[in-house]
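Peer 1: Mind folding the following:
(chains A, B, C and D)
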There are 2 protein chains.
Amino acid sequence: MGATKTEHFTSRQNTIANMAKALGHPARIAIMEYLVKVDSCICGDIVNELPLAQPTISQHLKELKNAGLIKGNIEGNAICYCVDEKAMAKIQSYFENIASRLQKKNNCC
Amino acid sequence: MGATKTEHFTSRQNTIANMAKALGHPARIAIMEYLVKVDSCICGDIVNELPLAQPTISQHLKELKNAGLIKGNIEGNAICYCVDEKAMAKIQSYFENIASRLQKKNNCC
DNA sequence: AATCTTTATCGTAATATTGCAATATTAAAT
DNA sequence: ATTTAATATTGCAATATTACGATAAAGATT
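Peer 2: Sure thing, here's the model as predicted:
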């Protein structure tokens, strides 16, 4: 074994899990925060910003893109990456929903 | 190599990444949703609810607990697991902050 | 066209995760 | 004290992730 049994879960659960998984690495959190901070960006900046080699960062960017969290536009010989607002709104509303549902209840623990 | 270079990132980035990582599996999302739904719970219920073997679920619960997302109280020979409101509030506010910062800006993509 | 810059991909080693059968643990029930 | 029920731990095989050097690709610059 070793492979996640995605087929047993709803598509929504898989989508949220995929986005969370993509954010489940400090380098990718740092990338997202940097993209939010500068609003638009070129990968080279990130390579200078983070203590990781260029191929590693490229790989992390690819994962964030696969999860739909960032978009990338080619601009000359560079690539402009930025955060996908809709995806972030989706995550945000997901956790807001959970948090608000928790407030209305009494926990047993 | 192969191990995450956590030491290069801030403690906050690592904390958020750890929580996101714990949520980065559909089974664990399903567990969280079930815990929110029933508000309090015993692990056996989850085993019946999810299409995974008992040891696998026990392991997922352990990861959620390690990440601080759930709490577990012993009640007789069962264990009452429930969501940690504070942890969820932390994640929720983190994404709310990011989402609100994105709205104020113009994306280049 | 040759070179430079920027980003992606390949290959690979190290490590981590996923899933479960078997077994252990712990407390309740008989 | 046994047995039962609920959960955890161990051990292991299959697979995935992380990181990076080497190299490729593609547009810009000279």
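Peer 1: which stretches of chain A form helices?
Peer 2: Per DSSP state H, chain A carries helices over the ranges A:11-22, A:26-38, A:43-49, A:54-66, A:85-103.
Peer 1: Report the backbone C-alpha coordinates of the third one in PDB.
Peer 2: Backbone C-alpha positions of helix A:43-49 (Å, rounded to 0.1, in the frame of the first residue of the first chain) are rendered in PDB as follows:
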ATOM      1  CA  CYS A  43      10.100  33.000  -9.700                       C
ATOM      2  CA  GLY A  44      13.600  34.300  -9.500                       C
ATOM      3  CA  ASP A  45      12.600  36.600  -6.700                       C
ATOM      4  CA  ILE A  46      11.400  33.600  -4.700                       C
ATOM      5  CA  VAL A  47      14.700  31.800  -5.300                       C
ATOM      6  CA  ASN A  48      16.500  34.800  -3.800                       C
ATOM      7  CA  GLU A  49      14.000  35.000  -1.000                       C
END
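Peer 1: which helices and strands does that helix pack with?
Peer 2: Here helix A:43-49 touches helix A:26-38, helix A:54-66, strand A:78-83, going by 3 or more C-beta pairs under 8 Å, 6 or more residues apart in numbering or on different chains; DSSP states H and E. (C-beta placed from N, C-alpha, C; glycine too.)
Peer 1: residues in chain A within reach of DNA strand D, list them.
Peer 2: Counting by C-beta under 7 Å from any atom of the strand, the residues of chain A close to DNA strand D are A:1-4, A:21, A:24-25, A:27, A:52-56, A:59-60, A:63, A:74, A:76-77.
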